[in-house]
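J.: Here you go, sequence then predicted model.
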Amino acid sequence: MARRRTLRALAAPPTLFWLAACEAGSASAQPSSAPAAAAPEPRLRAGVIARGLEHPWSLAFLPDGRMLVTERPGRLRVVAADGRLSAPLAGVPEVFARGQGGLLDVVLGPAFERDRSVFLSFAQPVGGRARIAVARAELRPDASALRDVHVIFAQHDAVAGNNNFGSRLVFARDGTLFVTLGDRFAWRDRAQSLDNHFGKIVRIRADGSVPNDNPFVGRAGALPEIYDYGHRNPQGAALHPLSGELWTSEHGPQGGDEVNLERAGANYGWPVITTGREYGSGARIGEGTERADVTPPLWEWTPSIAPSGLAFCTSERYAGWRGSVFVGALKFQLLARLVTDGNRIVREQRLLTDLRQRVRDVRQGPDGLLYLLTDEDDGRLLRLDPV
């Protein structure tokens with residue numbers, strides 16, 4: 001059954017950001033009247049590594065310590081360890097930079113140190129319409145440009161509208177690539193059918209071909225690259241560090257934000273099964289909040305926090321945080337820590353509640369520390385340093 005949480009956060013000191021004191025661990029739909037006792041709370045300083053990024057969307061760490069950062073208007077930059085920004089790299093594909101569209105995710109290929117492959121997701125313009133596409137490219141040795149850029153996947157339908165693109169990229173342990181695809185807002189009813197790419201997660205090989213073991217291969221009327229379906233706008237995704245399974249965070253409308261564990265062939269309900277409500281009117285959406293054939297979320301937020309990037313902490317750099325899931329919040333402008341027990345989420349703690357910036361991406365760096373991107377006109381790359 002979906003979980004509803006309404007939490008309040010305590011004010012944090014101006015220079016050190018503290019964990020919120022409120023937690024929730026009850027499985028009921030009501031806030032817990034007796035929250036679980038909190039673990040000792042590390043103090044954090046959100047240090048600014050770089051600023052002056054225009055609506056940064058995604059972050060990838062290069063082996064030499066530098067970072068690739070996408071900017072939604074269509075720029076890819078290299079950020080040095082000391083925060084210096086490169087000029088925009090040449091070779092980036094043309095993007096549909098309207099609303100939520102633009103240059104979105106960036107990940108390194110599994111064999112980057114051998115072939116320097118980089119993968120980008122972006123809203124691809126098709127006339128006055130757009131569709132999500134994924135391009136593979138080679139990063140030049142001096143990291144000044146991309147070359148040999150070619151699209152390996154594109155949604156079948158390019159449609160009007162500027163919202164709900166999804167677009168996270170995650171390589172599985174077997175080298176296949178997961179791509180999260182939003183419902184494009186006005187096309188939400190098609191998230192329940194398998195003949196399109198709206199509201200889906202697809203699984204492809206690094207060359208764009210379809211793995212033979214995808215769940216809908218050979219099924220009449222179904223696109224073979226689809227891995228699962230019934231999503232609204234999944235904008236966070238990462239592999240569980242132990243199981244290797246894909247976890248995602250997903251925007252609901254008014255309420256109904258979710259964290260999901262993705263299963264091959266599963267239906268996640270949107271827009272038929274949801275706790276979200278229609279914008280403006282607050283009317284119910286669909287037929288209810290649960291159904292036997294619909295996979296329920298691991299966690300649900302009402303009211304919506306607008307979750308974006310998602311990352312697991314696997315390091316010991318923060319006392320007691322190993323194994324936790326971290327989700328950035330755009331609307332509430334904070335970082336949510338979700339405490340796990342296997343494949344269960346048992347409670348939430350809210351961090352950086354006085355940050356006052358939209359947290360778009362969350363990544364754990366090679367140094368074991370967490371890095372954030374803030375989605376602003378003057379976007380920042382932050383590092384969470386234990387004090």
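T.: Looks like it arrived, so ask away. Numbering: from 1, shown residues only.

J.: show me where pLDDT drops low in the protein?
T.: 1-42 (pLDDT under 70).

J.: who touches the residue most central in space within it in this structure?
T.: With distances taken as CA atoms, centre = their mean, Gly236 lies nearest the centre of the chain, 1.3 Å away. Residues in contact with Gly236 (CB atoms under 8 Å, 6 or more residues apart in numbering) are 168, 248-250, 307-310, 327-328, 362. Bear in mind the C-beta positions are built from the backbone N, C-alpha and C, glycine included.

J.: Which of these ranks first by neighbour count?
T.: Ser249 (34 neighbours; other CB atoms under 10 Å).

J.: for the host helix or strand of it, packing partners?
T.: Assigned by DSSP states H and E, Ser249 belongs to strand 246-250. Applying 3 or more CB pairs under 8 Å, 6 or more residues apart in numbering; DSSP states H and E, one finds that strand 246-250 contacts strand 234-239, strand 257-261, strand 307-312.

J.: so Asn233 touches Thr248, yeah?
T.: No: contact between Asn233 and Thr248 fails when scored by CB atoms under 8 Å: they sit 10.3 Å apart.

J.: how much space between Tyr268 and His231?
T.: According to CB to CB, to the nearest Å, Tyr268 stands 6 Å off from His231.

J.: Return every residue with contacts to both of the two.
T.: 250, 260.

J.: if we can go back for a sec, can you redo the helices and strands packed on strand 246-250 as TSV, where the extra columns are distance to Pro56?
T.: TSV is the format used below for those (distance: least, CB to CB, whole Å):
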stretch	distance to Pro56
strand 234-239	14
strand 257-261	22
strand 307-312	11
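
J.: Select, out of those strands, the one closest to Val107.
T.: Nearest to Val107 among these is strand 234-239 (10.2 Å), distances taken as CB to CB.

J.: which neighbours does the closest one have in its sheet, and in what orientation?
T.: Strand pairing for strand 234-239, using DSSP bridges, gives strand 246-250 (antiparallel).

J.: The strand it pairs with to strand 307-312, inter-axis angle?
T.: Interaxial angle, strand 246-250 versus strand 307-312 (axes from the mean of the first three to the mean of the last three CA atoms, to 10 degrees): 160 degrees.

J.: and strand 246-250 with strand 257-261, angle?
T.: Compare the direction of strand 246-250 with that of strand 257-261 by the same axes, to 10 degrees and you get 170 degrees.

J.: Residues touching strand 246-250, excluding its own?
T.: Under CB under 8 Å, 6+ apart, the answer for strand 246-250 is 168, 170, 172, 178, 180, 201, 231-240, 257-262, 268, 297-298, 307-310, 312, 325, 327.

J.: Could I get the full set of helices for this structure?
T.: 112-115 (DSSP state H).

J.: out of the helices and strands packed on strand 246-250, which comes closest to Glu278?
T.: strand 257-261 (15.3 Å).

J.: Point out the other helices and strands that that closest one packs with.
T.: Looks like strand 257-261 contacts strand 246-250, strand 299-301, strand 307-312 (3+ CB pairs under 8 Å, 6+ apart).

J.: tell me what the shortest one is packed against?
T.: This points to strand 299-301. strand 257-261.

J.: what does the strand it packs on contact?
T.: Counting by CB under 8 Å, 6+ apart, 2, 231, 234, 240, 245-252, 268, 295, 297-302, 304-307, 310, 325, 327, 338, 343, 345 sit against strand 257-261.
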